[in-house]
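Novice: no sequence for this one, just the structure:
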Ligand SMILES: [Zn+2]
């Protein structure tokens, strides 16, 4: 087991779709356990394989009140209900946070590290973390869910790049929660510019 480097935006792997895991073998488990170590080392509550450079559908979650990490392979959100506004950050967008809309609760299924099917209903932090991590597997970052007026927070008036910042983002900020994530085209907008005003200073370590 090892702590791996957490990729930061605009690393291209963060905008790519991860592949389904065909067999949960030792190689997959080694990656998953490395992800657990990496998440704990960064004091995060979740991590997706893309963030350590592996394009595989593997996420790990450990809620603050839980002693054991959860390893979920080929995770799927099968139902999303309701909406709530929550503050969110990401270990791959270190030092920032933002307000996003997440579901009130979700139904979720995945395989665990023993290849057993796990089905659960999640709410609160677990629901938020699962939505965040499954987004990563589809090349989606939480900043994609932020609303237009929030993108304008903390822009420096003298920043000449400001007029470009909205470009490419409006295409998928509307009702993305209601769309299959497969419809997202990560190639169309590779990242946030480094000075993107959506990058507001962070405190929450949900990643
Ligand atoms: Zn993240």
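Specialist: Yep, it's here. Only a predicted model underlies this, so the values are computations on that prediction, with no experimental measurement involved.

Novice: Could you give the residue of the protein that lies closest to the ion?
Specialist: Residue of the chain nearest the ion, by CB to the ion: residue 90 (3.2 Å). For every residue, glycine as well, the C-beta is placed using N, CA and C.

Novice: so what's that residue scoring on pLDDT?
Specialist: We have a pLDDT of 94 for residue 90.

Novice: Now do the strands in this structure.
Specialist: In the chain, the strands defined using DSSP state E lie at 46-48, 58-61, 70-81, 84-88, 96-102, 105-111, 117-123, 200-201.

Novice: Go through those and pick out the most buried.
Specialist: For those, the largest average neighbour count (mean count of other CB atoms under 10 Å) is found in strand 46-48, namely a mean of 31.

Novice: Pull the number of nearby residues for the residue nearest to residue 4 when sequence neighbours are not counted.
Specialist: For residue 4, ignoring the flanking residues on the chain, the nearest one in space by CB to CB, 6 or more residues apart in numbering is residue 52 at 4.3 Å. Residue 52 is flanked by 22 other residues according to other CB atoms under 10 Å.

Novice: What's the per-residue pLDDT of residue 52 here?
Specialist: Confidence score, pLDDT, at residue 52: 98.

Novice: That one touches residue 2, doesn't it?
Specialist: No. Under the criterion of CB atoms under 8 Å, residue 52 is not in contact with residue 2, lying 9.9 Å apart.
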